[in-house]
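> Structure, please.
(one chain, ligands or ions: 1)
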Amino acid sequence: MDILDLRILDILDIVFVALLLYYLYKLVRGTVAVNIFIGIVVIYLVWLLTQLLQMELLSSVLGEFVGVGVFALIVVFQQEIRKFLLMIGSNNFTQKGRFLRSFRFTKDDFEPKIKLDHIVKACETMGSTYTGALMVIQKSNKLDFVKNTGDKMKIELNQPIIESIFFKNSPLHDGAMIIEDNKITATRVILPVSNDRSIPLRFGLRHRAAVGITEKTDALALVVSEETGQTSYIKDGQFVMFETMEELQDKLKEDLS
Ligand SMILES: Nc1ncnc2c1ncn2[C@@H]1O[C@H](COP(=O)(O)OP(=O)(O)OP(=O)(O)O)[C@@H](O)[C@H]1O
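Numbers count the residues shown, from 1 in each chain. Here you go, the predicted structure:
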C-alpha cells in the first residue's frame, strides 16, 4: 500500500508545514489579514475547480490572479511577513539550554531566574492601590523591536523597584516594562495593540497592548488594571484564568520552564 511508503522525511515535511501554518495563523489571528487570507484560499480553490471542470475562460482569468499571487501576497502581507521573519530571527534556541528544555528533559530541576514572587506581590500591592501596570516577560523571542520605543535600562528586578516605576507620579510609569531574566531592561515601551474583536470592550489599550505583544511573540504579559485593581495574565494572545495569586505564580513558573 502507498501509505507504507511514507518516509520519515515525509512526516517531517508534514510537521513543518503544520508548524508553518500554525505560526502564520498566530500572526494573522484577530486581524483583517485573516479575511484576506481566506479570500486568497477561496480564489485558489475555485481556480483548481475551474481547471478540473475545464472552464477555460474563468480558469484563465483566475489563473492570472494566481500567477501574480506570490507578489500580491508579499505586498498585502508585508507587515505579517516582517513579523514572521522577526519571530524566526529572534528565536534564540541555544540560549541557556532553552532548546533542551523545550523537549522537557530538564524541566523538573528548572527554576526560572526571575523573582516571580516579587512580580506577583508587586501586582497584588499595585492592585490594592489601583495603580495601573503593564509588564512583559521575555522568553525566547527577543523584544528588541519594542524596547527601542521606550527607555532602555538594566535594573535588578525587585518588588519596590516595580512599584516605584509604576507609581502614578513616576516619570517612567507610562507604557510597558520589559523584564528579561531578573532585569528590567526597558520602561515606557509602546507595544503593538491587538485588533482582536473578541476582546471585551471593558478592556482598554493597556490590556490590548498586552494581548498584542503576546500574539506576536512568545512573551508573557501581566496587567494591573487602574480601574478595577485586578491583575490579568496574558499568554499567546489569550487571557489565562487563575483564582489566587499563588496560582498565578505557579502558572508563570510553569510557563517559564
Ligand atoms: N500600545 C501601548 N503600549 C504600552 N502601553 C500602553 C499602550 N497603550 C496604552 N498603554 C498604557 O495604558 C494606559 C491606558 O490604559 P487604558 O485605560 O486605555 O487601558 P485599560 O486596558 O482600560 O486599563 P485600565 O483597566 O488600567 O484602565 C496608558 O496610560 C499607557 O500607560
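> element containing D255?
helix 245-256 (DSSP states H and E).
> Same question for A209.
Counting by DSSP H and E, A209 is found in helix 205-216.
> rewinding a little: alpha carbons only: can I get the helix holding D255 in CSV?
What follows is helix 245-256, C-alpha atoms only, in CSV (Å, rounded to 0.1, in the frame of the first residue of the first chain):
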residue,chain,number,x,y,z
MET,A,245,-2.1,35.0,43.3
GLU,A,246,-0.3,31.7,44.4
GLU,A,247,-1.9,30.0,41.4
LEU,A,248,-0.8,32.9,39.1
GLN,A,249,2.8,32.4,40.4
ASP,A,250,2.6,28.7,39.7
LYS,A,251,1.3,29.3,36.2
LEU,A,252,4.1,31.8,35.5
LYS,A,253,6.7,29.4,36.8
GLU,A,254,5.3,26.6,34.6
ASP,A,255,5.2,28.8,31.5
LEU,A,256,8.8,30.0,32.0
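> Packing partners of it?
In terms of contacts (3 or more Cβ pairs under 8 Å, 6 or more residues apart in numbering; DSSP states H and E), helix 245-256 is packed against helix 116-128, strand 220-224, strand 231-235. Just so you know, the C-beta spots here come from the backbone N, C-alpha and C atoms, and that holds for glycine as well.
> what's the angle between that helix and strand 220-224?
160 degrees (axes from the mean of the first three to the mean of the last three Cα atoms, to 10 degrees).
> what does helix 245-256 contact?
111-112, 114, 116-117, 119-121, 123-124, 137, 139, 220, 231, 233, 235, 240, 242 (Cβ atoms under 8 Å, 6 or more residues apart in numbering).
> avg pLDDT for it?
Mean pLDDT, helix 245-256: 94.
> Repeat that for stretch 121-138.
Averaged across stretch 121-138, pLDDT comes to 96.
> and what of stretch 53-62?
89.
> next one: phi and psi at the residue nearest to G175 when sequence neighbours are not counted?
Leaving aside its chain neighbours, G175 sits nearest to R188 (4.2 Å; criterion: Cβ to Cβ, 6 or more residues apart in numbering). Phi and psi for R188, reported as degrees, to the nearest 10, are phi 60, psi 30.
> What separation is there between the closest residue to the ligand within the stretch 101-250 of the chain and L134?
At 2.5 Å from the ligand, G204 is the closest residue in the stretch 101-250 of the chain, using Cβ to the nearest ligand atom. Look at G204 and L134: by Cβ to Cβ, to the nearest Å, they are 11 Å apart.
> Kindly report the same for S60.
53 Å.
> With neighbour numbers in mind, choose between the two.
L134 (24 against 12; other Cβ atoms under 10 Å).
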